[in-house]
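Visitor: I would like to see how this sequence folds:
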Amino acid sequence: MYISLADFKKRIEFSLCQQYASDDDVRAFCRDAAEAGVGVACVNPTNIPLTVELLGGLEVDVSANVGFPFGSHLPEVKALEARRAIESGATQIDMVINVGALRSRNDDLVLEDIQQVVAAAQGSQVKTIIETWVLKDEEKLRACRIAEKAGAALVKTTTGVRTQYLMQINADPLGATVADIRLMRKILSPEVRIKASGGIYTLDFALELIREGADQLGTSRGEQIIREFRQIYGDGLELGT
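Guide: I've put the predicted structure just below:
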């Protein structure tokens, strides 16, 4: 598989998800995203209008985080958040599923949760964050099947947000892993893409995830990874399987 520099850039989803991000932080983030030429800029819903203003006219999609970071909002609340984000100019949605409902085997609620956001997105693609680092393999597979049934365009590994609650269930949370990408690719149909997110800090790891089946990469170090790609591989490389 040949990966060109242009293709690699479009696979990078650059994120600014911190709750303390100021307007100046958003401006710096958008400047870096535009200079790097990333495919997607992901921000919190309150920062969508400014991000759209700054990146408007560029070939950078703007994605809003919905139900972030815990996913424990009511379905109608997530739907409202998604709809308002789209009305504010977002072109994509990254939503956190109801992880507690999934672990309780309340699959109908998980399905409804995603379906409401998909409907509210009005045709814009929805990425479902399933939080792989707190799930058993059976739960990961079930989450993927539900997301596909609900109409999600992509299934995403994790939020990448490490909290004290996460540490209670996983003492060594790794975010995206090669094993999880392989597992997800095995169960999802080819039409549903995979977004690896969480702990993607190096170019080597980014390329390994793509090799194993990740289509998109969510990272806070997008500009750094793209710069390293250009320095090492120039216009592209043949990525072996």
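Visitor: Ile12 and Ala85, how far apart?
Guide: Between Ile12 and Ala85 the distance, using C-beta to C-beta, to the nearest Å, works out to 21 Å. Using the backbone N, CA and C atoms, a C-beta is placed for each residue, glycine as well.
Visitor: oh, I was asking about Asp7
Guide: Distance of Asp7 to Ala85, given as C-beta to C-beta: 27 Å.
Visitor: what's the answer for Ala143, then?
Guide: Taking C-beta to C-beta as the measure, Ala143 and Ala85 are separated by 22 Å.
Visitor: about what we covered before: and Asp7 and Ala85? Which one has more around it.
Guide: Taking Asp7 and Ala85 together and counting by other C-beta atoms under 10 Å, Ala85 has the greater number of neighbours (28 against 13).
Visitor: Leaving out the residues flanking it, which one is nearest to the more buried one?
Guide: In space, Ala85 comes closest to Ala64 once its chain neighbours are excluded; the distance is 3.5 Å by C-beta to C-beta, 6 or more residues apart in numbering.
Visitor: List the strands paired with the host helix or strand of the one you found, with their directions.
Guide: For Ala64, the element it lies in under DSSP states H and E is strand 61-66. Strand 61-66 has the following strand partners under DSSP bridges: strand 40-43 (parallel), strand 92-96 (parallel).
Visitor: still on that earlier bit, OK, contacts around the residue nearest to Ala85?
Guide: Taking C-beta atoms under 8 Å, 6 or more residues apart in numbering, we find Ala64 in contact with 42-45, 48, 81-82, 85-86, 88, 90, 92-94.
Visitor: got it, and Leu5?
Guide: Per C-beta under 8 Å, 6+ apart, neighbours of Leu5: 226, 229-230, 233-236.
Visitor: what do you get if the cut-off is 10 Å, keeping everything else the same?
Guide: Shown here is Leu5, whose contacts under the criterion C-beta atoms under 10 Å, 6 or more residues apart in numbering are 37, 226, 229-230, 233-237.
Visitor: Could you check how far it is from Ile225?
Guide: Distance from Leu5 to Ile225, counting by C-beta to C-beta: 12 Å.
Visitor: now do Ala147
Guide: Using C-beta to C-beta, Ala147 is found at 26 Å from Ile225.
Visitor: Tell me which of the two has more neighbours.
Guide: Under the neighbour definition other C-beta under 10 Å, Ala147 and Ile225 were set side by side, and Ala147 has more, 28 against 25.
Visitor: can you pull the buried residues of stretch 11-25?
Guide: Residues 11-17, 21 are the ones in stretch 11-25 that count as buried (16 or more other C-beta atoms under 10 Å).
Visitor: May I see those organised as a markdown table, with distance to Val155 added?
Guide: Converted to a markdown table, the buried residues of stretch 11-25 look like this (distance: C-beta to C-beta, whole Å):
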| residue | distance to Val155 |
| --- | --- |
| Arg11 | 15 |
| Ile12 | 18 |
| Glu13 | 14 |
| Phe14 | 20 |
| Ser15 | 17 |
| Leu16 | 22 |
| Cys17 | 18 |
| Ala21 | 26 |
